[in-house]
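Asker: 3D model of this:
(4 chains)
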Protein chains: 2
Amino acid sequence: MPKSKDLPTMMDVAREAGVAVGTVSKVVNHQPVGEEFRAKVDAAIEKLGYQYNSAGKALRTDSTGIIALIIPNTIHPFFAMLTNYINMALEKRNRRMFLCFSEFDQMKEDEMIQLARTNRVDGIIALTYNPNLHIPEDVAFVTIDRFFSSSVPCIASDNFAGGRMAAMKLYELGCRHLAIMRTGSTLTNEPSKRKDGFVSACVELGVRFEVVDMPDDTPLSVFMETVEKQIHDPQVPLDGIFFGTDLLAWQMMGEMQKKGIRVPEDIQIIGYDGIRMFGEQKPVVSTIVQPVQEIAETCVSTVLSSHMATMPSLICLPVHYEEGGTTKDHMAE
Amino acid sequence: MPKSKDLPTMMDVAREAGVAVGTVSKVVNHQPVGEEFRAKVDAAIEKLGYQYNSAGKALRTDSTGIIALIIPNTIHPFFAMLTNYINMALEKRNRRMFLCFSEFDQMKEDEMIQLARTNRVDGIIALTYNPNLHIPEDVAFVTIDRFFSSSVPCIASDNFAGGRMAAMKLYELGCRHLAIMRTGSTLTNEPSKRKDGFVSACVELGVRFEVVDMPDDTPLSVFMETVEKQIHDPQVPLDGIFFGTDLLAWQMMGEMQKKGIRVPEDIQIIGYDGIRMFGEQKPVVSTIVQPVQEIAETCVSTVLSSHMATMPSLICLPVHYEEGGTTKDHMAE
DNA sequence: TTGTATGCGTTATCAG
DNA sequence: CTGATAACGCATACAA
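Answerer: Predicted structure coming up:
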């Protein structure tokens, strides 16, 4: 039983126009057709109020023009940005988005992939955390921030360079006792390299530094312990922290202020992501900015590229530093 | 030509299991089937790696289980929240989201509706600005913040009550010269009632007030003119402003601070929406909080309700006030 | 209950 | 370049 209102089909249009359905199909798909026929078909479409039905096409061609995005949510501003620019990149190429939330649930991540396949999407872009994610082989698949294998293209910001940049910036701004604090220690992914880069730069600079690498959902108090202890270090007090994400930096800034620690006077902090309030203002903390638009564009062009086999398996896009009020940049100039 | 890898169909499963396709269909759709048959079918599905193909179902039943959301973008935190909770509400009911960005483009709003219909979505939820939007009649349609007609359900926060609440709160906090400042004067929609409610409360309170109602994209300097003029009013200086949105409140707070005007010491401000940094902290400005989750739930349950005709045509959901550091609440206690 | 046969709207093939 | 026709995968009416 079709819907309440039965819509006209290509056959109806063909009959009305006095042509064959194949001709109607060609007109609709902008394929070469005699001008007089095209005019007749267009008139019939207009008259009948014909609506193209992509379900028929999907069945016939097994292609939908739809790409699934699997992402935890759109509450976190970074995910919201990513969703935004990926959708815009798809739109530009006349593709649509099928949006799937995994809510940080590893089971759901796999379920959403199944769901996307059931819906015969033309490709999947996934930002996931399940280390054992089952990646289908018969659909174009691109991941963000997670490297699986050389046959699954991974798009990420240059996390290692970003970590180095943070350390060098803090040093340049006068810090002589650094720290990196992050969550997510249980999963090794591209963002883990933020720590590696930071450490490598610290070693190179010969500066004292701490590493506080914790599992997800570690309470802020754990990080605060290190801060309060090291900031009163008699030799070289802690004076610069790189946080794994802007969110953590922001939250910790609140905690520090509660304790009377002033940012950036007492301690300078740099985050990672490039989160801006309302998406347009200056960053909420001094930060290593991810090139979200480029990441989005690259994800889309990669997932739509037909000869996936020849694609590079890991694409790291350049980051940059931006001041956001939690560092003493103005004094350094 | 199907995709590279030809997937097995229900017929293949039926053959493998030694049953008829109808039986397989019933198993897949959880309809009553003899236990022994179900087992055989399940085994065959497992063995062949059968993937249900929703394109066939869509064509056959003209229903996809997909709802389109038409929204400007997901950059603005309010849209991001709405998208988030609508998707969660859909997920809960086993429906999927087809995400369409209109980017505040009136043409695109209409195009996206066409697109959604072409894709045979089961319903459309739309947050739009085009006053002449063409609303299709043969698909479930729900709007957010815009009333079109009694046959098109509109879901909104209680904008009028929110406007009143803002005025009364500012008065309660000691303000004696109020103002409402907003953009969007060119389109009359539900949010316009924020002003109406504010004005009605001001009149009732007998308090002095200004109204600055401007078109979209009005530069902040225009609002600043009124602020700077009225804040030095010799009789009763301006001491409380209600902004139409948190975004405007936030931006204006920045402008005021540049001019040495302190918030909330010199002037208290209240916004509207309930935007929180990273979605979890306290609001970025003192604000009238929209019940985003309830709005999302209501949109979804309404658009999925089959007997749309009996639905109320305007649903206003209750708002509440929340302190966000731009008012002197602590001093009033 | 199970099995069979038909059609949903579109595209592609192939003969004119 | 056009016209007729056969699939695509699934759900369902109908017959058993």
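Asker: quick one, strands of the stretch 101-250 of chain A?
Answerer: A:123-126, A:140-144, A:154-157, A:177-183, A:208-214, A:240-243 (DSSP state E, counting those that start in this stretch).
Asker: Can you list the buried residues in the third one?
Answerer: What it means is strand A:154-157. A:Cys154, A:Ile155, A:Ala156, A:Ser157 (16 or more other CB atoms under 10 Å in any protein chain shown). For the C-beta atoms, the positions are set from N, CA and C on the backbone; glycine is no exception.
Asker: and the second one, what are its bridge partners?
Answerer: By that I understand A:Ile155. A:Ile144, A:Ile315 (DSSP bridges).
Asker: from memory it sits against A:Ser301, does it?
Answerer: No - contact between A:Ile155 and A:Ser301 fails when scored by CB atoms under 8 Å: they sit 9.9 Å apart.
Asker: what's the most buried one of the strands of the stretch 101-250 of chain A?
Answerer: Of the strands of the stretch 101-250 of chain A, the one with the most neighbours on average (mean count of other CB atoms under 10 Å in any protein chain shown) is strand A:240-243, at a mean of 30.
Asker: isn't A:Phe79 right next to A:Ile71, touching?
Answerer: Yes - between A:Phe79 and A:Ile71 there is a contact under CB under 8 Å: 5.2 Å.
Asker: Those two: which has the busier surroundings?
Answerer: Just comparing A:Phe79 and A:Ile71: by other CB atoms under 10 Å in any protein chain shown the higher neighbour count belongs to A:Ile71, 25 against 19.
Asker: In terms of pLDDT, where does A:Met311 sit?
Answerer: Note on A:Met311: pLDDT of 79.
Asker: Wait, it touches A:Ser301, no?
Answerer: No - using CB under 8 Å, A:Met311 makes no contact with A:Ser301, being 9.6 Å away.
Asker: higher neighbour count, the two?
Answerer: Neighbours per residue (other CB under 10 Å) separate A:Met311 from A:Ser301, with A:Met311 holding more: 17 against 14.
Asker: How about that one: what's its closest non-neighbour residue?
Answerer: Nearest non-adjacent residue to A:Met311, counting by CB to CB, 6 or more residues apart in numbering or on different chains: A:Pro153, 5.0 Å away.
Asker: Find the closest residue to DNA strand D in the stretch 101-250 of chain A.
Answerer: Of all residues in the stretch 101-250 of chain A, A:Thr118 sits closest to DNA strand D, at 8.4 Å by CB to the nearest atom of the strand.
Asker: my guess is that residue contacts B:Asn53, does it?
Answerer: Yes - the criterion here is CB under 8 Å, and A:Thr118 meets it with B:Asn53 at 7.1 Å.
Asker: Just want to know which of the two has more residues nearby.
Answerer: Using other CB under 10 Å as the criterion, A:Thr118 and B:Asn53 rank with B:Asn53 on top: 19 against 15.
Asker: OK, contacts around the more buried one?
Answerer: A:Leu59, A:Thr118, A:Arg120, B:Leu7, B:Thr9 (CB atoms under 8 Å, 6 or more residues apart in numbering or on different chains).
Asker: follow-up on the earlier one: can you list residues touching both of A:Phe79 and A:Ile71?
Answerer: Residues touching both A:Phe79 and A:Ile71 by CB under 8 Å, 6+ apart: A:Leu127.
Asker: now the strands of the stretch 101-250 of chain A in CSV, with mean pLDDT and distance to A:Glu280?
Answerer: Listed next are those as CSV, based on pLDDT from 0 to 100; distance: least, CB to CB, whole Å:
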stretch, mean pLDDT, distance to A:Glu280
strand A:123-126, 97, 25
strand A:140-144, 96, 23
strand A:154-157, 97, 20
strand A:177-183, 98, 27
strand A:208-214, 97, 32
strand A:240-243, 98, 23
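Asker: Would you reformat the ones you listed as TSV and include distance to A:Asp105?
Answerer: Converted to TSV, these look like this (distance: least, CB to CB, whole Å):
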stretch	distance to A:Asp105
strand A:123-126	13
strand A:140-144	17
strand A:154-157	21
strand A:177-183	17
strand A:208-214	21
strand A:240-243	25
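Asker: Let me have those strands in JSON lines, extended by distance to DNA strand C.
Answerer: Shown next, in JSON lines, are the strands of the stretch 101-250 of chain A (distance: least, CB to the nearest atom of the strand, whole Å):
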{"stretch": "strand A:123-126", "distance to DNA strand C": "18"}
{"stretch": "strand A:140-144", "distance to DNA strand C": "18"}
{"stretch": "strand A:154-157", "distance to DNA strand C": "30"}
{"stretch": "strand A:177-183", "distance to DNA strand C": "48"}
{"stretch": "strand A:208-214", "distance to DNA strand C": "52"}
{"stretch": "strand A:240-243", "distance to DNA strand C": "51"}
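Asker: shaky segments in chain A?
Answerer: Residues of chain A meeting the criterion pLDDT under 70: A:1-5, A:306-309, A:331-333.
Asker: What's the nearest residue in it when you look at DNA strand C?
Answerer: A:Gly56 (2.5 Å).
Asker: give me the element the nearest residue to that residue once chain neighbours are set aside is part of.
Answerer: Setting aside the residues directly before and after it, A:Gly56 is nearest to B:Leu59 in space (CB to CB, 6+ apart), at 5.8 Å. Taking DSSP states H and E as the criterion, the element that holds B:Leu59 is helix B:54-61.
Asker: Remind me what that helix packs against, helices and strands.
Answerer: helix A:54-61 (3 or more CB pairs under 8 Å, 6 or more residues apart in numbering or on different chains; DSSP states H and E).
Asker: Please see if the helix it packs on touches DNA strand D.
Answerer: Yes - judged by CB under 7 Å from any atom of the strand, helix A:54-61 comes into contact with DNA strand D through A:Gly56, A:Leu59, A:Arg60.
Asker: That helix relative to helix B:54-61, how many degrees between them?
Answerer: In terms of direction (axes from the mean of the first three to the mean of the last three CA atoms, to 10 degrees), helix A:54-61 departs from helix B:54-61 by 130 degrees.
Asker: which residues touch helix A:54-61?
Answerer: Residues from elsewhere that reach helix A:54-61 (CB under 8 Å, 6+ apart): A:63-65, A:120, B:1, B:53, B:55-56, B:58-59, B:62, B:64, B:118-120.
Asker: Kindly give a single PyMOL line that selects the buried subset of these.
Answerer: Paste this into PyMOL to select the buried members of these, with burial taken from 16+ other CB under 10 Å:
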select buried, (chain A and resi 63+64+65+120) or (chain B and resi 53+55+56+58+59+62+64+119+120)
